[in-house]
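Enquirer: how would this look folded up:
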Amino acid sequence: MSDTTATGATAGATFKPPRKLMAICAALAVVGLALFAVSLMGTPWRAWSNALLASYFYTSIALGAAVLIALMGVTKAGWGVVIRRIPEAMTGYLPIGMVTMLAVALFGMHDLYEWSHPNIVSHDHLLQHKAPLLNVTGFLVRLVVIFTLWIALTWAMRRQSVLQDSDGDERHTHNNVKLSAIFLIVFALSLTVATLDWLMSLEPHWFSTIFGVYHFAGLFTAAIAVIILFVVCMQRAGYLAEVNANHLHDLGKLLFAFCTFWAYIWVSQYLLIWYANIPEETGYYMVRQDHGWQSLWVLNLALRWVVPFLVLLPRPNKRNPKVLALVAVIVLIGHWLDTYLQIMPATAHFAVAHAGAEVHGPFFGLAEIGIFVALGAIFVIAVLKMLGRASLVPTKDPYLEESMHHHQ
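Expert: I've put the predicted structure just below:
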């Protein structure tokens, strides 16, 4: 640990969100919400399915950023100090994520979750058995409690980091080690509950014992991909001069490693269900390997693992901003597709069975674009505003000197 404080102009630079970009994002948010409103009037189940998809997608990225901050905190990783403000800013989306998920729960629940219909539960023995967990009140209470914990802990970690810019007290670093450890424990338990509620219960007769781990791998890779894109874009705009090829290399290694870990969990879940051949489990894959869904199912594996693995395997590619950014975009497309494949076949099946909808295979249109673009624009606005509220690099972090001279 070094007591040296960076005094260069770039180390203490503040970020000013580009007005033009903010205006474009605001316009996209308005247009996207308008498209969502049109979809809501036409096919409510599809509109709320996309709202759930977009809400979870961006919330998962913000949560993955918090995990990276916490991991760097408990391991006292010095290399990542110069890029830490980006994941810290990304966690600023969590309160918005709470609002959007609450909106889905309050207004779209009956279009998505069959267990929310008493008349369906009354004729289904398994849903009656699961009713103490799968009920509207419990769902809403758990959602609020989980988000409150996430928001409170991430806010506390960022606060300690920002306060250190003023006084340089190393106690803030020690406090963040404790907060990070607490967050990781809370995260591990709460993510399993959250994904069970929000996604697994779309098909309440199906279950997976590694669903939470699967989503951890997915959201962490997506968060790394977004961090990479922010780093590359901000460097092109003249910021983050402290970030060098070695930092990009480490971000590339994280992306490479956790894409492979995601694939490992993906295969583990599939093989366990395949050779066990239990009807309650195999139904999940049968729906996704028929009526045109199978091609997307295979594409998901290619985008989330095959392409990142092959491209990032050579060392130079992990140090090349253009290559790294391209892979990050591919991984994010894969994350969207992965979430799409978990939500849409389930909600479409429910809509066909109980709402008289006609769905024959995958679907994509303005309904899928609208709310996703709207929340994406809001996500960018939230992150850019948070980046402008503190020094772009933690100027008095005790590990800053180590980070600025990071090499491998």
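
Enquirer: buried ones in stretch 66-84?
Expert: Using 16 or more other CB atoms under 10 Å as the test for burial, stretch 66-84 gives 66-74, 77-84. C-beta coordinates here come from the backbone N, C-alpha and C atoms, glycine included.

Enquirer: got it, and stretch 292-301?
Expert: For stretch 292-301, burial by neighbour count (16+ other CB under 10 Å) applies to W293, L296, W297, N300, L301.

Enquirer: and the two most separated of those residues?
Expert: W293 and L301 (13.3 Å; CB to CB).

Enquirer: spell out which helix or strand contains the residue nearest to L28 when sequence neighbours are not counted, please.
Expert: Among residues not flanking L28 along the chain, A377 sits closest, at 4.0 Å (CB to CB, 6 or more residues apart in numbering). Taking DSSP states H and E as the definition, one finds A377 inside helix 366-387.

Enquirer: after that helix comes which helix or strand?
Expert: Sequence order places helix 400-404 as the next helix or strand after helix 366-387, per DSSP H and E.

Enquirer: now do stretch 370-382: distance to the chain's middle.
Expert: Chain-centre distance of stretch 370-382: 13 Å, with CA atoms, centre = their mean, to the nearest Å.

Enquirer: quick one: contacts of it?
Expert: With contact meaning CB atoms under 8 Å, 6 or more residues apart in numbering, stretch 370-382 is reached by 17, 21-22, 24-26, 28-36, 38-39, 47, 50-51, 53-55, 57-58, 61-62, 92-93, 96, 100, 336.

Enquirer: C-terminal to the helix or strand hosting A188, what's the next element?
Expert: Using DSSP H and E, A188 maps to helix 171-198. Reading on from helix 171-198 to the C-terminus, the next helix or strand found by DSSP H and E is helix 211-236.

Enquirer: that following helix - what's its average pLDDT?
Expert: Averaged over helix 211-236, pLDDT sits at 96.

Enquirer: and for the residue nearest to Y270 when sequence neighbours are not counted, the neighbour number?
Expert: With sequence-adjacent residues excluded and distances taken as CB to CB, 6+ apart, Y270 is closest to Y285, at 7.0 Å. Using other CB atoms under 10 Å, Y285 has 17 neighbouring residues.

Enquirer: what of the one 3 residues further on?
Expert: Using other CB under 10 Å, R288 has 18 other residues around it.

Enquirer: surely it touches W297?
Expert: Yes: if you go by CB atoms under 8 Å, R288 and W297 touch, sitting 5.1 Å apart.

Enquirer: buried ones in stretch 342-356?
Expert: Neighbour count says stretch 342-356 has Q342, I343, M344, P345, A346, T347, A348, H349, F350, A351 buried, by 16+ other CB under 10 Å.

Enquirer: per-residue confidence for the first one?
Expert: Reading off the per-residue confidence, Q342 sits at a pLDDT of 95.
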